[in-house]
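In: the sequence and its predicted three-dimensional model are supplied below.
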Amino acid sequence: MFESPVVIGSVGVALLLLAFFLTLFKFMRQDSKAYALMNVLGGGLSAYASFLISFMPFVILEATWMLVALAGLVKMIMKENGE
């Protein structure tokens, strides 16, 4: 019924939009691990879905989004562990 890229991309975009909504309306902090993780997963899923349909501009956009969020998440974890 639904094609894989559509489902994967929809879940990814839903995570990104949910993170945006939750921070915009102060339900979640932008410096939280949950926010970073939602962006890592959302960006990764969106990048993968874009790759599956060979739409390279969005692969680059979403992969960059994921990597920046991942760097932020790693930084938070390292700071938490005193590194």
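Out: Received it, and whenever you're ready, just let me know what you need.

In: let me see the ranges of the helices in the chain.
Out: Under the criterion DSSP state H, helices of the chain are mapped to 4-24, 33-52, 56-80.

In: report the angle between the longest one and helix 4-24.
Out: For helix 56-80 against helix 4-24, the angle between stretch directions is 50 degrees (axes from the mean of the first three to the mean of the last three CA atoms, to 10 degrees).

In: who's in contact with helix 56-80?
Out: 12, 16, 31, 33, 36-37, 39-40, 42-44, 46-47, 50-51 (CB atoms under 8 Å, 6 or more residues apart in numbering). The way it works is simple: take the backbone N, C-alpha and C, and place the C-beta from them, glycine included.

In: and the two most separated of these?
Out: Greatest spatial distance among the contacts of helix 56-80 (CB to CB): D31 and F51, at 29.7 Å.

In: which one of the helices of the chain is the most hemmed in?
Out: helix 33-52 (a mean of 20; mean count of other CB atoms under 10 Å).

In: who's in contact with that one?
Out: Contacts of helix 33-52 (CB under 8 Å, 6+ apart): 4-6, 8-9, 11-16, 18-19, 22-23, 28-29, 56, 58-59, 61-67, 69-70, 72-73, 76-77.

In: let's see 6 Å
Out: Outside helix 33-52, the residues that touch it by CB atoms under 6 Å, 6 or more residues apart in numbering are 5, 8-9, 11-13, 15-16, 19, 28, 58-59, 62-63, 65-66, 69-70, 72-73, 76.

In: report the mean per-residue pLDDT for that helix.
Out: Summarised as a single mean, pLDDT over helix 33-52 is 98.

In: could you dump it to CSV, C-alpha only?
Out: The C-alpha coordinates for helix 33-52 follow below in CSV (Å, rounded to 0.1, in the frame of the first residue of the first chain):
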residue,chain,number,x,y,z
LYS,A,33,19.4,15.0,24.7
ALA,A,34,15.8,14.1,23.7
TYR,A,35,15.8,17.1,21.3
ALA,A,36,19.1,16.1,19.8
LEU,A,37,18.1,12.5,19.5
MET,A,38,14.9,13.3,17.7
ASN,A,39,16.9,15.4,15.3
VAL,A,40,19.5,12.7,14.7
LEU,A,41,16.8,10.1,14.1
GLY,A,42,14.5,12.4,12.1
GLY,A,43,17.4,13.6,9.9
GLY,A,44,18.8,10.2,9.4
LEU,A,45,15.5,8.7,8.4
SER,A,46,14.7,11.6,6.1
ALA,A,47,18.2,11.3,4.5
TYR,A,48,17.8,7.6,4.0
ALA,A,49,14.3,8.0,2.4
SER,A,50,15.7,10.7,0.1
PHE,A,51,18.5,8.4,-0.9
LEU,A,52,16.1,5.7,-1.7
